[in-house]
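> Just need the structure, nothing else, for what follows:
(chains A and B)
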Amino acid sequence: MSDTTLSALAAQLKTRQISSRELAQQYLDRIAALNPSINAFITLDAEKTLMEAAAADARIAAGQAGPLTGVPIAHKDIFCTDGWLTTCGSKMLHNFVAPYDAHVIQQFKAAGMPSLGKTNMDEFAMGSSNETSYFGAVKNPWNPAYVPGGSSGGAAACVAARMAPAATGTDTGGSIRQPAALCGITGLKPTYGLVSRYGMIAFASSLDQAGPMAPSAEDCALLLNVMTGFDPKDSTCLERDKEDYTRDLDKPLSGLRVGLPKEFFAEGLGNEVATAVEAAVAELKKLGATTVEISLANSKLAIPVYYVLAPAEASSNLSRFDGVRYGYRAPEYGNLDDMYCKTRAQGFGAEVKRRILIGAYVLSHGYYDAYYLQAQKIRRLIAEDFSAAFKTCDVILGPTAPGTAFKLGEKSDDPVEMYLNDLYTIPANLAGLPGMSLPCGFDSKGLPIGLQLVGDYFSEAKMLNVAHQYQRATYWHQRQPTIEGGS
Amino acid sequence: MQWETIIGLEVHTQLATQSKIFSGSSTAFGAAPNTQASAVDIALPGVLPVLNRGAVECAIKFALAIDATLNRINVFDRKNYFYPDLPKGYQISQLAKPIVEGGALTIQVGDTERVINLTRAHMEEDAGKSLHEDFHGMSGIDLNRAGTPLLEIVSEPEMRSSAEAVAYARALHTLVTWIGICDGNMQEGSFRVDANVSVRPVGQAEFGTRREIKNLNSFKFLQQAIDYEVRWQIETLEDGGRIEQATVLFDPDTGETRMMRSKEDAHDYRYFPDPDLLPVKLDEDWIEQVRATLPELPAAMQARFQSEYGVSPYDAAVLTGSRALADYFEVAAKACGQGKLAANWVMGELSAALNKADLSIERSPVSAARLGALVARIQDGTLSGKLAKQVFEGLWEGAGEVDAIIEARGLKQMSDSGELEKIIDDVMAANAKSVEEFRAGKEKAFNALVGQVMKASKGKANPAQVNDLLKLKLQG
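Numbering: from 1, shown residues only, chains lettered A, B, ... in the order given. This next block holds a predicted model:
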């Protein structure tokens, strides 16, 4: 496909060079050709997509179009979508048709953006490789032998393969940024509370946040304009004025202070990633930025803290999947307890069960203080490290992941090795800060490398400004994979 | 051996809000199953709770009414367990920081007044209902009640008899309905009592092992259950047995308690702060606004009734048994300016009639204003007590205003002394024997003559006037 930036597509729609229906059909055709090898989608419904596109065309014809009306988008299968199968990548919800729209879905519908389908993901967003999905692993479009990252792996892969111009994702410990990095696209996790969680199937409520995934920072800014907005149905959603996240895109970077956390450039970071990130720093300096070394001393505890808190919340959040009211129920059982046990034993995959067990353990009587309470304390220390750092810098920069994409199956037998992939992304979730990943190069195998920016609370516009200026000076985000079956 | 009974009560009061504590669904009782269960109530994937401000206001009112500590920062916790009528797999409650701590309630048992201290009261959501009948070996789930706001009110273990426990439960029931935070309907489960009961030898300092009797939904059952449980525990101990901590159920048919689960079966609820709900801060302005909506409380009203209307402490306590009764009395007393007489009529004739007809004071066919008007007519001598009862019957039947009934039924006391004199003369003439007996010193004969005069006047004669005139004529 030619120019697929959201602003270009929107302009073509506005000038009637193409209709929303035609555009949607083009993407559906590309999905039909590529998805069998990538497996980025769990559910497709061309009829619904085209109906929504036709409605968008009517809006455009009536002169009631918004900035992105008619541009199609793919939604992570974690968002409840009225009338669509909403599985969360799990057998537990393999048959669950949502009877309502998540707030995020409502926002995109209100903006007139047709849904291309529901994207594949790690089961209940638990995973960093998309291999835990009940619907099969997603393949990395840059090399199908490699994982796309996770948990928003389907979203990242479909955008990288241009099966969709943009996608929604969610990020609890890196689930937008890490797959964006591994698939060579741009993804942003907003400040906690900026986007409503209503209708987004909960993994870890205090960490979950939805965000946009697209080729460029500019695209992400346009999408963030649609996604944000106060929602009274989410008590943790912040009531604040709507912002235009494109407003600072064109600002020059002179005077920008970029913080480089020494802990993010230490042991564990792959050489090729380090080289690419350092080159990106040099590029920003050319654009007028200065660098300052900072320390996030407690971030080394981020993974253990995360693997106490996230499973604790998940163990409780996932209790509703009990076979009583909806979703999977074991076909045969003796009594009520047996029904619960068999349903959950059969309905959940290994990684989900592992986290439920960890979560139940750390919350259990006699262990709560030692694990959960202690982890909450460290969580606050991690957030305080960031507050101190933002006194000396405007944005923090580092790698998104320690390495590039790994091979399917390579880490699936070693959960701890898998967890280490989120080493650099988890601290922002624990602190509730916004973070984003953007492409900054390729390794010797031709796999993309991601650069991470972490901003202060509500500094999305500034982060997008930095990313956009970088993307104006570089071409990494425009590189596309060649895929068998693709045109 | 002499035994002492120790009782503490946990009362689940259903808060009288229009909608549920974390969703907009109605809390009205009696709807068809699952018609008042929204996406939030049935815990669809992705839904989130939003706290009902009204429920917090109810809790604030309660704290102010019992003079308790009102915690300014409120955290909601998740209590995790699996049950089909608990859709989320956890109940949202308050563990570490209940909204209300401390406070006290004064109870009256016979002539003794006692102060019972409260431990705490916290907000939480109710579960749904499991229906085990009519489903051919399966269970039905009704989630209409799921998410109904509750205030769980926990007393200190300070009650020493079932009578005290009932008195406390009644006083609490009066208070929560009085301040309007609970409709008090026990049949519908709006006020459910759990009793923690233990016994110990008199003089022993430490408590015995307690057993908790769950879900008592009437004061009678509360009394019966505790009495049975106390007897059972004493017998068990005297037979050399031990009491195991347990949760028991009371069976009203057999009058016995039976074990539901032992301590070994106790859940680990894995409580932790609900990350979907932020801590709720109560600001002082809000608290003061709520305070301004509180009605005069029962204790204050009792004192005022004694000083303002001159009623006895006992009467004041009876009249403040409910806010509706107290309001009724006060309207009636104001209408006639005769507090004591009004109190007698409210507690006497009116209460008896209501009881007989099984009506609550709210549904009394006789309005407080009319009862007051009736009392006024007794006071001004228009009606004798006996005539007043006939007028009351008219009021009860809906025959209109007091004066209209008196007029229409000719129930006015005779005020014309000429007419009365003629009746007395006739009675004396017709009862010469009685007249002679009286004159011979037989006092009893006088009463017989009065009775005859009253009868001849069809009760309309003023008894005092009859006495005076009759005496005068007998002497003459």
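> now check stretch A:447-460, is it near chain B?
No - Stretch A:447-460 does not reach chain B (CB under 8 Å from any CB of the partner chain); its nearest approach is 15.6 Å. In short, each C-beta sits where N, CA and C put it, glycine included.
> distance between that stretch and the chain's centre?
Relative to its chain's centre, stretch A:447-460 lies at 12 Å (CA atoms, centre = their mean, to the nearest Å).
> any idea of the mean pLDDT in that stretch?
What stretch A:447-460 shows for mean pLDDT is 98.
> now do the same end-to-end measure for that stretch.
End-to-end span of stretch A:447-460 (CA to CA, to the nearest Å): 27 Å.
> and what of stretch A:203-218?
With CA to CA as the measure, the ends of stretch A:203-218 fall 29 Å from one another.
> Regarding chain B, what is its longest helix?
What stands out as the longest helix in chain B, according to DSSP state H, is helix B:219-238.
> buried sites along that one?
The neighbour-count check on helix B:219-238 (16 or more other CB atoms under 10 Å in any protein chain shown) flags B:219, B:221-230, B:232-234, B:237 as buried.
> Can you spell out which helices and strands pack onto it?
Secondary-structure packing of helix B:219-238 (3 or more CB pairs under 8 Å, 6 or more residues apart in numbering or on different chains; DSSP states H and E): strand B:3-14, helix B:162-178, strand B:191-201, strand B:211-216, strand B:246-251, strand B:256-262.
> what separates the longest one from the chain centre, distance-wise?
Here the centre of mass of C-alpha atoms in helix B:162-178, compared against the chain's by CA atoms, centre = their mean, lies 7 Å away.
> The third one now?
Between the centre of strand B:191-201 and the centre of its chain there are 21 Å (CA atoms, centre = their mean).
> What pairs with it, parallel or antiparallel?
In the sheet containing strand B:191-201, its partner strands are strand B:3-14 (antiparallel), strand B:211-216 (antiparallel), by DSSP bridges.
> Around chain A, which positions in chain B sit nearby?
Taking CB under 8 Å from any CB, the part of chain B that reaches chain A is made up of B:39, B:42-51, B:78, B:80, B:82, B:84, B:87-90, B:141, B:268, B:270-272, B:275-278.
> So the residue of chain A found nearest chain B versus B:Pro45, what's the distance?
In chain A, the residue that lies nearest chain B is A:Ser319 (2.3 Å; CB to the nearest CB). Relative to B:Pro45, A:Ser319 is positioned 12 Å away (criterion: CB to CB, to the nearest Å).
> Ok, B:Ile60 next?
From B:Ile60 to B:Pro45 the distance is 34 Å (CB to CB).
> And those two? Which one has more around it.
Legend: neighbour count by other CB atoms under 10 Å in any protein chain shown for B:Ile60 and B:Pro45, higher for B:Pro45 (27 against 22).
> what about the strands in the stretch 201-350 of chain A?
Under the criterion DSSP state E, counting those that start in this stretch, the stretch 201-350 of chain A contains strands at A:209-214, A:257-261, A:290-294.
> Kindly tell me how buried A:Gly446 is, as a neighbour count.
Using other CB under 10 Å, A:Gly446 has 11 other residues around it.
> So which residue is smack in the middle of the chain?
Chain wasn't specified; assuming chain A. A:Ile176 (2.1 Å; CA atoms, centre = their mean).
> Chain B, not that one
So for chain B, CA atoms, centre = their mean, it's B:Thr174, sitting 4.4 Å from the centre.
> List the contacts of that one.
With contact set as CB atoms under 8 Å, 6 or more residues apart in numbering or on different chains, B:Thr174 has these partners: B:Pro298, B:Thr320, B:Gly321, B:Ser322.
> List just the nearest of these to A:Met121.
Distance to A:Met121, by CB to CB, is smallest for B:Ser322 among those, at 58.1 Å.
> Next, work out how far apart the closest one and chain A are.
Look at B:Ser322 and chain A: by CB to the nearest CB, to the nearest Å, they are 37 Å apart.
> B:Ser367 too?
Counting by CB to the nearest CB - B:Ser367 and chain A are separated by 45 Å.
> Repeat that for B:Gly400.
Relative to chain A, and taking CB to the nearest CB, B:Gly400 is found at 54 Å.
> What is the burial count for that residue?
13.
> count of residues packed around the nearest residue to B:Gln14 once chain neighbours are set aside?
Nearest non-adjacent residue to B:Gln14, counting by CB to CB, 6 or more residues apart in numbering or on different chains: B:Ser190, 4.2 Å away. Using other CB under 10 Å, B:Ser190 has 22 neighbouring residues.
> these two touch, right, B:Ser190 and B:Val176?
No - the pair formed by B:Ser190 and B:Val176 falls short of the contact definition of CB atoms under 8 Å, at 9.1 Å.
> now could you export just the CA positions of stretch B:26-39 as CSV?
Extracted in CSV, the C-alpha atoms of stretch B:26-39 (Å, rounded to 0.1, in the frame of the first residue of the first chain):
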residue,chain,number,x,y,z
SER,B,26,-32.9,-0.4,41.1
THR,B,27,-32.9,-1.9,44.6
ALA,B,28,-36.7,-2.3,44.7
PHE,B,29,-37.8,-5.5,46.3
GLY,B,30,-39.9,-8.2,44.6
ALA,B,31,-39.1,-7.7,40.9
ALA,B,32,-39.0,-10.8,38.6
PRO,B,33,-35.7,-12.6,39.0
ASN,B,34,-32.7,-11.0,37.3
THR,B,35,-34.7,-8.0,35.9
GLN,B,36,-32.8,-5.7,38.1
ALA,B,37,-29.3,-7.0,37.3
SER,B,38,-27.2,-4.8,35.0
ALA,B,39,-23.9,-5.6,33.2
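> Give me the number of neighbouring residues for B:Ala324.
Residues near B:Ala324, counting by other CB under 10 Å: 15.
> contacting residues for the residue in the stretch 301-450 of chain B that chain A sits nearest to?
The stretch 301-450 of chain B approaches chain A most closely through B:Arg323 (34.4 Å), counting by CB to the nearest CB. Going by CB under 8 Å, 6+ apart, B:Arg323 touches B:Thr177, B:Trp178, B:Pro295, B:Pro298.
> now do B:Glu256
B:Tyr228, B:Trp232, B:Phe250.
> any chance of these in JSON lines, with pLDDT and distance to A:Lys286 too?
Output for the contacts of B:Glu256, formatted as JSON lines (pLDDT from 0 to 100; distance: CB to CB, whole Å):
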{"residue": "B:Tyr228", "pLDDT": "97", "distance to A:Lys286": "87"}
{"residue": "B:Trp232", "pLDDT": "96", "distance to A:Lys286": "86"}
{"residue": "B:Phe250", "pLDDT": "96", "distance to A:Lys286": "81"}
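> ok, for A:Ala276, nearest residue in space, not its chain neighbours?
Residue nearest to A:Ala276 in three dimensions, not counting chain neighbours: A:Gly441, with 3.4 Å by CB to CB, 6+ apart.
> Over to B:Arg210?
Distance criterion CB to CB, 6+ apart; nearest residue to B:Arg210, sequence neighbours excluded, is B:Ser198 at 3.9 Å.
> What score does B:Lys386 have for pLDDT?
Reading off the model, B:Lys386 has pLDDT 82.
> after the strand or helix carrying it comes which helix or strand?
B:Lys386 is part of helix B:385-397 when elements are defined by DSSP states H and E. Downstream of helix B:385-397, the first helix or strand assigned by DSSP H and E is helix B:402-409.
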